[in-house]
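>>> Can you look at this prediction? I've put the sequence above it.
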Amino acid sequence: MNCPATPVEPRIETRDLCVSFAGKPALKEVNLCVYPCERLAIIGPASSGKTTFLRCLNRLNDLTHSFSHAGQVLFDGREIYAPGVDVSDLRRRIGMVYATPMPLPWSIYDNLAYGPKLAGIRNRVMLDERVETSLRSAALWEEVKDRLREPAHNLSGGQQQRMCLARVLALRPEALILDEPCSGLDPISTGKIEDALAELKSRHSIVLVTNNTKQAARSSDRTAFFLMGELIEVGATEQVFTNPVDKRTNDYLIGQFG
């Protein structure tokens with residue numbers, strides 16, 4: 001299903017989100033929305049809270065023993081930290097791609113089919129369709145369609161990262177969150193992932209954490225700037241990059257720190 005042309009309600013929203021690890025603040029009262037059919041880039045220097053924020057959106061920070069939070073994180077208007085929330089289902093609906101590709105020690109096909117099988121799909125025709133559709137969406141099908149039974153580790157680094165994106169897409173998530181997905185890739189592989197995200201935004205909300213400001217400028221509709229755990233500024237990407245409201249945003253973009 002395609003997203004509505006004029007979204008009104010956010011798909012994801014944080015309200016006064018505060019996060020600490022072992023009592024040390026990592027995020028401070030962050031209020032930020034992610035809308036259907038948009039790519040939101042999050043930029044900022046190291047230790048600014050970008051990845052912490054991203055991992056709050058599908059509760060991956062829960063895996064860190066010292067994590068605590070206050071405020072709200074809403075997905076489709078529902079609090080994801082409320083009692084009784086099915087965290088596994090949440091992580092299926094909000095799929096994450098990491099900086100380093102992590103193919104499972106199986107074939108390309110089995111990497112893609114693993115999630116749908118866990119979700120109860122056993123029909124081979126349906127699995128084949130899910131594998132092909134996901135690989136096409138990740139701009140990888142033409143490169144691997146005759147190699148599906150090969151070990152996934154035989155792929156190049158850029159291909160592995162696109163396969164990992166396809167593996168997330170095979171679960172048909174409603175939102176995608178990506179943590180530096182192109183940090184170790186060459187320009188050609190980076191371009192293919194950026195092209196895939198441009199196509200995927202017609203069906204998904206996308207949050208992209210990147211330290212590459214040029215990538216943020218190319219590959220987002222809105223950009224949020226984080227600094228020392230605070231959301232300093234958010235707006236249309238063109239506006240943030242050409243006429244930022246806050247001097248600290250401008251200083252970061254021109255390389256005075258970070």
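Received, thanks. For clarity, every value in this text was computed on a predicted model and none was experimentally measured. Residues are numbered from 1 along each chain as shown.
>>> tell me the helices in the stretch 151-258 of the chain, going along the chain?
Remark: helices assigned in the stretch 151-258 of the chain by DSSP state H, counting those that start in this stretch are 157-169, 187-200, 213-218, 237-242, 247-253.
>>> Share the number of residues neighbouring Pro187, please.
The number of residues packed near Pro187 is 9, by other C-beta atoms under 10 Å. For the C-beta atoms, the positions are set from N, CA and C on the backbone; glycine is no exception.
>>> what's near enough to touch it?
By C-beta atoms under 8 Å, 6 or more residues apart in numbering, Pro187 lies in contact with nothing.
>>> go on, Asp246?
Going by C-beta under 8 Å, 6+ apart, the list of residues near Asp246 reads Phe225, Ile232, Glu233.
>>> what about 10 Å?
By C-beta atoms under 10 Å, 6 or more residues apart in numbering, the contact list for Asp246 reads Phe225, Leu227, Ile232, Glu233, Val240, Tyr252.
>>> now it: how far from Asn212?
Separation of Asp246 from Asn212 (C-beta to C-beta, to the nearest Å): 20 Å.
>>> Next up, the contacts around Leu155.
Taking C-beta under 10 Å, 6+ apart, we find Leu155 in contact with Pro101, Pro103, Ile108, Asn111, Leu140, Glu143, Val144, Arg147, Gln161, Arg162, Met163.
>>> I misspoke; the intended subject was Asn58.
Here Asn58 is in contact with 12, 73, 75, 80, 87, 90-96, 173, 175, 177 (C-beta under 10 Å, 6+ apart).
>>> can you put the contacts of Leu155 in TSV and add pLDDT and neighbour count?
Shown next, in TSV, are the contacts of Leu155 (pLDDT from 0 to 100; neighbours: other C-beta atoms under 10 Å):
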residue	pLDDT	neighbour count
Pro101	93	23
Pro103	94	19
Ile108	98	27
Asn111	97	24
Leu140	96	25
Glu143	96	16
Val144	97	22
Arg147	97	15
Gln161	95	30
Arg162	95	28
Met163	96	24
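>>> Among these, which one lies nearest to Leu185?
Distance to Leu185 across the contacts of Leu155 (C-beta to C-beta) is lowest for Gln161, with 6.3 Å.
>>> ok, back up a step: which one of the contacts of Asp246 has the most neighbours?
Phe225 (28 neighbours).
>>> Would you confirm that that residue contacts Gly49?
No. The pair Phe225 / Gly49 is not scored as a contact, 11.0 Å apart, by C-beta atoms under 10 Å.
>>> list the residues that contact both of these two?
With contacts taken as C-beta under 10 Å, 6+ apart, Phe225 and Gly49 have Ile42, Leu231 as neighbours in common.
>>> what about the residue nearest the centre of the chain, distance to Ile254?
Among the residues of the chain, the one closest to the centroid is Ile177, at 1.4 Å (C-alpha atoms, centre = their mean). Relative to Ile254, Ile177 is positioned 28 Å away (C-beta to C-beta).
>>> again with Glu9
From Glu9 across to Ile254, the span is 36 Å (C-beta to C-beta).
>>> Ok, Ala216 next?
In terms of C-beta to C-beta, Ala216 sits 14 Å off from Ile254.
>>> Okay, and which of the contacts of Asn58 map to helices?
The helices, defined by DSSP state H, take in Val87, Leu90, Arg91, Arg92, Arg93 from the contacts of Asn58.
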